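K.L.:
Okay, here's the prediction I keep looking at, along with the sequence it came from:
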Amino acid sequence: MMMKKSGFALVAIILLVALFPSKSIDAKEVISPKREFRAVWIATVNNIDWPSKKGLSIKKQKEEYMKLLNDVKGMGMNAVIVQIKPTADAFYPSKYGPWSEYLTGTQGKNPGYNPLEFMIQEAHKRNLEFHAWFNPYRISMNHKDIKKLSKDHPARKHPDWVLSYGKQLYYDPGIPEVQDFIVDGIMEVVKNYDIDGVHMDDYFYPYKIAGVEFPDNRSYKSYGSKQFANKGDWRRDNVNKLVAKINTSIKNEKSYVKFGISPFGVWRNIADDPSGSNTKAGQTNYDDLYADTRQWIQNGSLDYINPQIYWSIGYKPASFDVLSAWWRKEIAGKPIHLYIGQAAYKINNNSDPAWSNSQEYSKQINLMRNYNDIHGSVHFSLKNLIRNPLGIKNRLMNDLYKSPALIPTMPWLDDTAPKMPKLRNGVHQRSGVQLTVEDQKENDTAYYAVYRFDGKQKGSINSSKYLLMTVRKTSENQVILDKTAKLNKTYTYVVTALDRLHNESVESNTITVK
């Protein structure tokens, strides 16, 4: 049922966003919204988040991952962004890269199961969106010897595609065959796995090393010098073409799969461009990484942009509030979501005194909630939240993310909601209240939202305080258990059906359970 939104309705929504871009209210009055993207990055490169180390048994890897997801769900999150291709390798059987060394300790060695398939299934069991995170160009992390790559590595078969820069190897972004290879590698996953999104981060052209030029003269001479007198413009065009082709390829295959990028937090400094942000960043997307984020937004090449604003509020060289405001202006009136990347890894470190303040992270979340054109945030990374610096994990669980949230809709992809489900009965048991939901066969329901009200009166489902939980659909007559219900208390329930792009049905009939 993934119907494209009508042109008239889409224009109306864009005009509304442009005319009423924000809802400024006192920070003390900010409440948990009913819809908010709450995601966390799970990094696999160098075993940052998962697996905890190379060479773990299948059982241990699975146990670790499920524990991580339980923590994610417990903190009130609704999505995970998992790195499945960290260094031109793969966490799944692939034609476009060898098995990742971060699984077994040996690049190219089969781990004995399909981690990606397992990870998606476990995420969906907990009704978490799964965004597959790709690093497009990076081939190696700590060496520049192509012979150290596994024998079946595509880089060894195409050494003319490979460039050495610093201590790493990269695919040359300027070669058209490389661009096609990267797109095909991503589409292998889109076609064969039930992912919700494709995600890329800030690693396009590599971060610059002082005094060292990226060695792409050969490809520039072959493919760019006749059209682009400026090599920087050519590099940006290479990335623009890749981004646009990825988006088009995804939508042609599965229109509901989202595409998002989390670039470095600064497009350009105001000193270099009057339309840039009032910042003094040492490197920028446009000038150093050749990632023209503005162009992607204006061309409609993304469904969400997720800038990594890894600085505190009031930090003079690059302030969280200043950059959030700049990015809001960039997406105004455009069919794209803005999520902010937050630096959980900086909490209670010595990089900036503000990060020693236990309220800094909460202030950032509340600042974002002041504006209805910031649709949520993504935290880097999961392990930094789990270790609970300055009590941030507790604060998410018990305050900021205490109430669950639905993921914001993307009406430019789909705006047709499932039909109304029915509540057949509700029964008090020692284990909680058992509800039975009946759904229509033709419904494209992905999950249910359960709303609970104290007593016999039903309130509004538009308030986040009544949203009890979301539950993945597993059958047309599904039993749902409210484990938090008290045995001798009266509750009134309604449920709604939501599709995988989070369009919500009309609420069901009510059931009061005494």
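P.N.:
It's in. Numbering: from 1, shown residues only.
K.L.:
Only C-alpha atoms from now on, for both contacts and neighbour counts.
P.N.:
OK.
K.L.:
how near is K419 to N509?
P.N.:
Applying Cα to Cα, to the nearest Å, the value for K419 to N509 is 13 Å.
K.L.:
what does S431 give?
P.N.:
Taking Cα to Cα, one finds S431 at 24 Å from N509.
K.L.:
do the same with T44
P.N.:
Relative to N509, T44 is positioned 45 Å away (Cα to Cα).
K.L.:
In terms of neighbours, single out the busier of these two.
P.N.:
T44 (23 against 14; other Cα atoms under 10 Å).
K.L.:
Please report how far the nearest residue to G97 once chain neighbours are set aside lies from N135.
P.N.:
Leaving aside its chain neighbours, G97 sits nearest to D89 (4.5 Å; criterion: Cα to Cα, 6 or more residues apart in numbering). D89 is 9 Å from N135, where distance means Cα to Cα.
K.L.:
So those two - more neighbours on which side?
P.N.:
Just comparing D89 and N135: by other Cα under 10 Å the higher neighbour count belongs to D89, 28 against 20.
K.L.:
could you list every residue that touches that one?
P.N.:
Taking Cα atoms under 8 Å, 6 or more residues apart in numbering, we find D89 in contact with Y96, G97, P98, W99, S100, Q107, I139.
K.L.:
Dihedrals phi and psi, it?
P.N.:
Main-chain torsions, D89, degrees, to the nearest 10: phi -120, psi -160.
K.L.:
and it, how far is that from Y165?
P.N.:
19 Å.
K.L.:
before we move on, what about I48?
P.N.:
Taking Cα to Cα as the measure, I48 falls 23 Å from Y165.
K.L.:
now W355
P.N.:
Taking Cα to Cα, one finds W355 at 33 Å from Y165.
K.L.:
of these two, who's got more company?
P.N.:
The neighbour count for W355 versus Y165, taken as other Cα under 10 Å, is higher for W355 (22 against 18).
K.L.:
if I read this right, E36 contacts A405, doesn't it?
P.N.:
Yes. The pair E36 and A405 qualifies as a contact (Cα atoms under 8 Å) at a distance of 5.7 Å.
K.L.:
How confident was the prediction at S351?
P.N.:
The model reports S351 with a pLDDT of 80.
K.L.:
how many other residues sit next to it?
P.N.:
Residues within reach of S351, counting by other Cα under 10 Å, total 11.
K.L.:
Equivalent analysis for E129, please.
P.N.:
With other Cα under 10 Å as criterion, E129 counts 24.
K.L.:
next one: Y205
P.N.:
Y205: 23 neighbours (other Cα under 10 Å).
K.L.:
what's it in contact with, if anything?
P.N.:
Y137, P173, D288, L289, Y290, A291.
K.L.:
excluding its backbone neighbours, what's nearest the first one?
P.N.:
Looking back up the chat, that one is Y137. Y171 (4.9 Å).
K.L.:
Dihedrals phi and psi, the one you found?
P.N.:
Taking degrees, to the nearest 10 as the convention, Y171 sits at phi -70, psi 140.
K.L.:
Contact partners for it?
P.N.:
Residues counted as contacts of Y171 (Cα under 8 Å, 6+ apart) are Y137, R138, I139, A155, W161, V162, L163, V178.
K.L.:
can you give me the strands for the stretch 101-250 of the chain?
P.N.:
Taking DSSP state E, counting those that start in this stretch as the test, the strands found in the stretch 101-250 of the chain are 129-134, 162-165, 168-171, 197-200.
K.L.:
what do you get for the stretch 401-514 of the chain?
P.N.:
For the stretch 401-514 of the chain, the strands defined by DSSP E, counting those that start in this stretch occupy 422-429, 432-438, 447-454, 467-472, 477-482, 491-498, 511-513.
K.L.:
Next, count neighbours for E63.
P.N.:
A count of neighbours around E63, defined by other Cα under 10 Å, yields 12.
K.L.:
could you measure the nearest residue to V162 once chain neighbours are set aside against L423, distance?
P.N.:
Excluding its sequence neighbours, the residue lying closest to V162 (Cα to Cα, 6+ apart) is Y171, at 4.7 Å. According to Cα to Cα, Y171 and L423 sit 54 Å apart.
K.L.:
looking at the chain, which helix or strand is least sure?
P.N.:
Each helix and strand of the chain was given a mean pLDDT (mean pLDDT, DSSP states H and E); the minimum falls on helix 7-19 at a mean of 40.
K.L.:
Measure how the following helix or strand past it sits relative to strand 129-134, angle-wise.
P.N.:
Toward the C-terminal end, the helix or strand that comes next after helix 7-19 (DSSP states H and E) is strand 37-42. Computed by axes from the mean of the first three to the mean of the last three Cα atoms, to 10 degrees, the angle separating strand 37-42 from strand 129-134 equals 40 degrees.
K.L.:
pLDDT (mean, whole number) over strand 37-42?
P.N.:
Strand 37-42 comes out at a mean pLDDT of 98.
K.L.:
outside of it, which residues touch it?
P.N.:
With Cα under 8 Å, 6+ apart as the test, strand 37-42 has contacts from 48-50, 72, 76-83, 339, 375-382, 405-408.
K.L.:
Please parse the protein into its domains.
P.N.:
If you go by automatic domain parsing, the domain ranges for the chain are 22-400, 422-513.
K.L.:
Run the chain-centre distance for the first one.
P.N.:
Relative to the mean C-alpha coordinate of its chain, domain 22-400 is positioned 8 Å out (Cα atoms, centre = their mean, to the nearest Å).
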